[in-house]
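S.K.: okay, predicted coordinates and the sequence, questions at the end:
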Amino acid sequence: MEIAIIGGTGVYDPAMLADRRELNVQTPYGPINPTVGVYNGTEVVFLPRHGAAHSVPPHRINYRANLWGLRSLGVKRIVATTAVGSLNPQMRPGEMVLIDQFLDFTKGRPSTFFEGGSHGVVHVDYTEPYCPEVRAIILNVAAGAGYNIHDGGVYVCTEGPRFETPAEIRMFEKLGGDLVGMTNVPEVVLAREAGICYATVSMVTNFAAGIAEGPLTHEEVVALMQANNERLRQLLMGVITKMPTVRTCGCQQAVPDADRFFREA
Ligand code: HPA
């Protein structure tokens, strides 16, 4: 089980996988229940981040259990999806963005596996937070399928679950943000700590507060995801088919001692 998909808002359905079964995976942070199945001969783990019925809000997602559990299944690469609002006039609703940087505006989330103690203090490099190898495959598959995808974007992660104020959005613009969402941190952070290659395809569902005309609703976010679901699904399936077995990026060495840490923890 080397490949996982973490589905965000609007991506809950593992129906594209054959021979599906639900797993119960125990972790030090509690259990997780991903679905495992087969696509085109490749075993794939599917984990809807908000739960199968969208019942877990962004600030209550058990990110550490999710990433720990996926690592314990042998997952080496994760492709995640996120619904995002856009601050950037070039990144319009209905368009996909392969983000390459983040700004962290979350507040109270446990965002590391490394809490000190006998394993010491760990500071991980995030110069390249998203796996360059997986990103390249996504770009390649998108180009082959004729899908437009923006190569690069700065994801601002807010605490949620509320949407932002227009003043916050103006601040994020000044700081260099392109997109705003509520879930990519600490997911990307923990994936790297766990030595898992990780990339995110963001789907722009709306212009952000104060740029959009009128108030934002969760319903419009879900409706736009539904309208664009098929393109996203096709992209994910293509990426699974094209994923090479050997990893040549540096993600697995992000924490040199990770294997020992996860074995002994
Ligand atoms: N803000 C935060 N998260 C979001 C948005 C937004 O405008 N749209 C979709 N997810």
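M.R.: Received it, and whenever you're ready, just let me know what you need.

S.K.: how long is stretch 241-251 from one end to the other?
M.R.: The stretch stretch 241-251 measures 21 Å between its terminal residues, going by CA to CA, to the nearest Å.

S.K.: what's next to that stretch, contact-wise?
M.R.: 2-3, 39-40, 42, 76-77, 128, 131-134, 137, 140-141, 192, 195-198 (CB atoms under 8 Å, 6 or more residues apart in numbering). The C-beta positions use only the backbone N, C-alpha and C, and glycine is treated the same way.

S.K.: let's see that with 7 Å instead.
M.R.: Identification of contacts with stretch 241-251 by CB atoms under 7 Å, 6 or more residues apart in numbering yields 3, 40, 76-77, 131-133, 137, 140-141, 192, 195-197.

S.K.: show me which of those residues are buried.
M.R.: Buried by 16 or more other CB atoms under 10 Å: I3, K76, R77, C131, E133, I137, V141, R192, G195, I196, C197, out of those.

S.K.: how close does the third one get to V204?
M.R.: Separation of R77 from V204 (CB to CB, to the nearest Å) stands at 24 Å.

S.K.: close to the ligand: what parts of this structure are there?
M.R.: Applying CB under 6 Å from any ligand atom, we find that the chain lies next to the ligand at 83-85, 163-164, 180-182, 205-206, 208, 216, 221.

S.K.: quick check: the two most widely separated of the contacts of stretch 241-251?
M.R.: Spatial extent of the contacts of stretch 241-251 (CB to CB) is set by the pair N40 and R192 at 27.6 Å.

S.K.: which residue ranges of the stretch 151-265 of the chain form strands?
M.R.: For the stretch 151-265 of the chain, applying DSSP state E, counting those that start in this stretch gives strands covering 154-158, 179-181, 197-207.

S.K.: need the nearest residue in space to the closest residue to the ligand within the chain, chain neighbours excluded.
M.R.: Nearest residue of the chain to the ligand, counting by CB to the nearest ligand atom: G85, 2.2 Å away. Nearest residue to G85 in three dimensions, chain neighbours excluded: A208, at 3.9 Å (CB to CB, 6 or more residues apart in numbering).

S.K.: host element of V38?
M.R.: Per DSSP states H and E, V38 falls inside strand 35-39.

S.K.: give me the average confidence score over that strand.
M.R.: The average of the pLDDT scores along strand 35-39 is 95.

S.K.: neighbouring strands for that strand, and are they parallel or not?
M.R.: strand 18-22 (antiparallel), strand 42-48 (antiparallel) (DSSP bridges).
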